[in-house]
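J.: how would this look folded up:
(one chain, ligands or ions: 2)
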Amino acid sequence: MDISVVTTQPFPDQKPGTSGLRKRVRQFRQPHYLENYIQSVFDACPDLKNGELLVGGDGRFHNREAIQVILRMAAANGVQKVAIGYGGLLSTPAASYLIRSRGATGALILSASHNPGGPEGDFGIKLNTANGGPAPHSVTDAIFEQSTRISHYRIANGAEHVDIDHLHAVQMGDMDIEVVDPVGTYADYMATLFDFDRIGELLRSDHFRMRFDSMHAVTGPYAEEILINRLGAPADTILRAEPLADFGGRHPDPNLSHARELSEALFGRDAPDFGAASDGDGDRNMILGRRFFVTPSDSLAIMAANAHHIPAFADGLKGVARSMPTSQAVDVVAEKLALPCFETPTGWKFFGNLLDDGRIRLCGEESFGTSSDHVREKDGLWAVLFWLNLLAVRRQSVEEIVRDHWRQYGRHYYTRHDYEAVESERAEQVMARIREQLSVLPGQSLAGMRVAQADDFAYRDPVDNSLTEHQGLRVLFESGARIVFRLSGTGTEGATLRLYIEQHETHPEHLDADPQELLGPLIDAASRLGDIPGLTRREKPDVIT
Ligand code: VG1
Ligand code: CO
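T.: Residues are numbered from 1 along each chain as shown. Ligands and ions are numbered 1, 2, ... in the order given. I've put the predicted structure just below:
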């Protein structure tokens with residue numbers, strides 16, 4: 001095999017964010033850009049070479065080209081074996097499962113998750129390590145460090161284009177390449193976690209209908225295999241099943257505005273009983289009942305309270321965790337069940353140690369992410385199957401289950417307001433304005449509530465003792481209400497300011513309010529605190545979830 005050692009210059013912007021390196025497609029297509037990053041990964045993580053490395057993506061534009069480059073670089077860097085998802089497709093949760101079940105060294109997942117795709121859209125690379133989870137901070141820092149002083153990369157010359165559309169095995173120099181089918185393996189695994197007999201009965205019965213929106217992203221083949229082929233749901237259950245390189249021109253982001261057809265169906269006449277959607281790479285989930293939206297934070301709490309109904313949790317939960325901005329609904333359940341409950345920074349990588357150490361079995365984020373110790377990623381279809389299993393066992397509607405939960409634990413009114421593509425300097429000014437006030441806020445009254453504590457969230461990992469600082473600014477009220485401000489780490493243009501607001505209501509007559517209305521005073525207080533309209537020049541947020 002003929003190997004080139006190509007001279008290159010560092011790019012200053014290859015710092016991975018909350019979930020991998022995410023940039024515009026056009027940035028990724030600059031000469032040497034992808035190559036520099038991949039070489040930095042191999043240099044910073046030499047262990048990836050000593051075994052099988054998984055490669056695949058959510059099918060977005062540039063996926064196939066990037067896979068061919070990665071194969072040639074892997075061969076030139078002495079990787080023993082690369083396993084590729086059939087057609088170049090590999091969902092993030094399936095990648096996590098395959099790493100664990102095949103004993104792989106890690107995975108390169110080519111995805112910018114819920115960000116739009118296409119030539120004008122985004123591309124991204126996530127690195128998962130041998131435990132199946134996203135690379136921890138220490139690793140992503142080392143990759144970034146390497147990317148700032150890279151001078152050469154290695155790539156195989158003249159290697160043939162590898163056929164990734166057939167299940168077969170080939171060689172590139174000394175490196176083995178195998179194209180694998182992740183779908184069947186993942187479906188088999190799901191069947192061990194849930195009661196497929198009962199879910200199948202529900203899906204085949206005349207009095208239950210569901211819709212699952214694959215958003216033309218990676219979950220289409222998985223949903224078809226599991227929901228239709230194995231569980232017997234009718235064919236019209238799945239919307240937008242075919243993975244497309246531009247996701248049909250839309251954001252593969254499972255929320256009420258981007259999953260428009262699904263929300264129209266679920267909120268329209270003759271609505272189905274259950275609706276769900278996942279994102280580009282299959283790790284997120286949105287859960288809907290008939291004319292009813294389940295907040296991701298509530299979904300996590302309800303899962304915790306009902307885990308005993310699910311075969312996988314027959315032995316109990318051990319503990320639970322949520323990311324800091326996620327509502328405290330799960331904390332209340334954990335307290336009642338006398339389970340430890342951990343609060344981690346945003347991003348799945350922070351759950352890894354807790355899961356590996358057996359301290360928790362269930363965890364989630366407000367951003368439509370929930371999962372368990374069955375993998376080391378959030379898992380969209382897993383969450384859908386959890387809800388289906390629950391509906392099959394409890395024989396109640398989604399709305400009844402949620403309302404029951406509120407009656408028992410109170411309702412955590414919750415909203416997230418996103419100000420997208422704000423000029424970075426202005427977003428920093430908002431954060432600085434709030435940071436300045438942290439020390440004087442305790443004792444003050446905002447929106448008629450007394451502030452108990454205000455801080456810049458830092459997390460001490462209880463397993464490896466590492467400290468992660470500056471993970472969001474929190475204003476905590478004596479009532480338990482919270483305001484949180486954070487800057488996103490997944491955007492590709494300017495900065496995205498996220499404002500998270502939460503208030504717990506337990507009075508039986510206060511369980512039915514409109515969240516935007518009930519939280520109005522806190523939202524106004526937060527907006528004033530950061531002088532958001534003045535500093536960002538935005539009248540209102542771009543996205544409200
Ligand atoms: C967002 C979410 C975070 C999630 C991350 C990756 O990050 O808020 O909860 O883990 O996306 O999700 P940020 O930094 O933009 O707030 V995915 O589906 O991209 O892997
Ligand atoms: Co995702």
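
J.: What does the pLDDT read for the closest residue to ligand 2 within the stretch 1-150 of the chain?
T.: Residue nearest to ligand 2 within the stretch 1-150 of the chain: residue 113 (3.2 Å; C-beta to the ion). Where C-beta positions appear, they are placed from N, C-alpha and C, glycine not excepted. Here the pLDDT value assigned to residue 113 is 95.

J.: ok, now residue 477?
T.: pLDDT at residue 477 comes out at 97.

J.: how about the nearest residue to it, chain neighbours excluded?
T.: Closest residue to residue 477 apart from its sequence neighbours, by C-beta to C-beta, 6 or more residues apart in numbering: residue 449 at 4.4 Å.

J.: Tell me how far that neighbour lies from residue 501.
T.: Distance from residue 449 to residue 501, counting by C-beta to C-beta, to the nearest Å: 12 Å.

J.: what does residue 437 give?
T.: Taken as C-beta to C-beta, the span from residue 437 to residue 501 is 17 Å.

J.: Please apply the same query to residue 543.
T.: Distance from residue 543 to residue 501, by C-beta to C-beta: 14 Å.

J.: Residue 75 too?
T.: From residue 75 to residue 501 the distance is 51 Å (C-beta to C-beta).

J.: Just to check, the residue nearest to residue 477 is in contact with residue 480?
T.: No: between residue 449 and residue 480 there is no contact under C-beta atoms under 8 Å: 9.5 Å.

J.: Can I get the host helix or strand of residue 383 in PDB? Just the C-alpha atoms.
T.: Per DSSP states H and E: residue 383 is located in helix 380-394. What follows is helix 380-394, C-alpha atoms only, in PDB (Å, rounded to 0.1, in the frame of the first residue of the first chain):
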ATOM      1  CA  GLY A 380     -34.400   7.600  20.800                       C
ATOM      2  CA  LEU A 381     -36.000   4.400  19.800                       C
ATOM      3  CA  TRP A 382     -35.300   2.900  23.200                       C
ATOM      4  CA  ALA A 383     -37.300   5.700  24.800                       C
ATOM      5  CA  VAL A 384     -40.100   5.100  22.400                       C
ATOM      6  CA  LEU A 385     -40.100   1.400  23.200                       C
ATOM      7  CA  PHE A 386     -40.100   2.200  26.900                       C
ATOM      8  CA  TRP A 387     -43.200   4.300  26.500                       C
ATOM      9  CA  LEU A 388     -44.900   1.700  24.400                       C
ATOM     10  CA  ASN A 389     -44.100  -1.000  27.000                       C
ATOM     11  CA  LEU A 390     -45.600   1.300  29.700                       C
ATOM     12  CA  LEU A 391     -48.700   2.000  27.700                       C
ATOM     13  CA  ALA A 392     -49.200  -1.700  27.100                       C
ATOM     14  CA  VAL A 393     -48.800  -2.500  30.800                       C
ATOM     15  CA  ARG A 394     -50.800   0.300  32.300                       C
END
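
J.: is it anywhere near ligand 2?
T.: No: for helix 380-394, no contact with ligand 2 is found by C-beta under 5 Å from the ion; the gap never falls below 7.9 Å.

J.: Give me the distance from that helix to the chain's centre.
T.: 18 Å (C-alpha atoms, centre = their mean, to the nearest Å).

J.: How about it and ligand 1, any contact?
T.: No: for helix 380-394, no contact with ligand 1 is found by C-beta under 6 Å from any ligand atom; the gap never falls below 8.7 Å.

J.: cool, and stretch 466-474?
T.: No: using C-beta under 6 Å from any ligand atom, we find that stretch 466-474 stays clear of ligand 1, coming within 9.3 Å at best.

J.: doesn't residue 412 make contact with residue 515?
T.: No: Residue 515 is beyond contact range of residue 412, at 9.7 Å (criterion: C-beta under 8 Å).

J.: Number of residues surrounding residue 234?
T.: 12 (other C-beta atoms under 10 Å).

J.: I misspoke; the intended subject was residue 24.
T.: Based on other C-beta under 10 Å, the number of other residues close to residue 24 is 17.

J.: measure it to ligand 1 for me?
T.: Applying C-beta to the nearest ligand atom, to the nearest Å, the value for residue 24 to ligand 1 is 16 Å.

J.: Contacts only, for the closest residue to that residue other than its chain neighbours.
T.: Among residues not flanking residue 24 along the chain, residue 492 sits closest, at 5.5 Å (C-beta to C-beta, 6+ apart). By C-beta atoms under 8 Å, 6 or more residues apart in numbering, the contact set of residue 492 is 22, 23, 24, 112, 115, 122.

J.: mind running it again at 6 Å?
T.: Neighbouring residues of residue 492 by C-beta atoms under 6 Å, 6 or more residues apart in numbering: 22, 23, 24, 122.

J.: a helix runs through residue 226, doesn't it?
T.: Yes: assessed by DSSP: H, G, I helix; E, B strand; the rest coil, residue 226 belongs to a helix.

J.: Please identify the nearest residue in space to it, excluding sequence neighbours.
T.: residue 187 (5.0 Å).

J.: Check residue 134 too.
T.: residue 349 (4.1 Å).

J.: can you pull the contacts of residue 442?
T.: So residue 442 contacts 451, 453, 454 (C-beta under 6 Å, 6+ apart).

J.: now, among these, which is nearest to residue 423?
T.: residue 454 (25.7 Å; C-beta to C-beta).

J.: what helix or strand is that closest one on?
T.: strand 449-456.

J.: Which helix or strand lies directly C-terminal to that strand?
T.: strand 459-460.

J.: After that following strand, heading C-terminal, what element do we hit next?
T.: Assignment by DSSP H and E places the next element after strand 459-460 at strand 467-468.

J.: what's the offset of that next one from the middle of its chain?
T.: With C-alpha atoms, centre = their mean, you get 21 Å for strand 467-468.

J.: Neighbouring strands of it in the sheet, and parallel or not?
T.: Here strand 467-468 is paired, per DSSP bridges, with strand 459-460 (antiparallel).

J.: For the residue lying closest to residue 335 once chain neighbours are set aside, which residues are in contact?
T.: The shortest distance from residue 335 to any non-neighbouring residue, by C-beta to C-beta, 6+ apart, is to residue 341 (7.4 Å). Residue 341 makes contacts with 320, 331, 334, as judged by C-beta under 6 Å, 6+ apart.

J.: who wins for most neighbours among those?
T.: Going by other C-beta under 10 Å, residue 320 tops those with 27 neighbours.

J.: from memory that one sits against residue 362, does it?
T.: Yes: taking contacts as C-beta atoms under 6 Å, residue 320 lies within contact range of residue 362: 4.9 Å.

J.: intersection of neighbour lists for the two?
T.: By C-beta under 6 Å, 6+ apart, the residues touching both residue 320 and residue 362 are residue 304.

J.: Which of the helices or strands spans the residue nearest to residue 226?
T.: Residue 187 belongs to helix 182-193, assigned by DSSP H and E.

J.: Give the buried residues for that helix.
T.: For helix 182-193, the neighbour count (16 or more other C-beta atoms under 10 Å) marks 182, 183, 186, 187, 189, 190, 191, 193 as buried.

J.: mean confidence for the one helix or strand residue 75 maps to?
T.: Using DSSP H and E, residue 75 falls within helix 63-76. Taken as a whole, helix 63-76 has a mean pLDDT of 97.

J.: Pairing partners for the following helix or strand past it, with directions?
T.: Stepping forward along the backbone from helix 63-76, the first helix or strand reached (DSSP H and E) is strand 81-89. Sheet pairing of strand 81-89 (DSSP bridges) gives strand 52-57 (parallel), strand 175-180 (parallel).

J.: hmm, back to that, how deep is the residue of the stretch 1-150 of the chain closest to ligand 2 tucked in, by neighbour count?
T.: Around residue 113 there are 26 residues (other C-beta under 10 Å).
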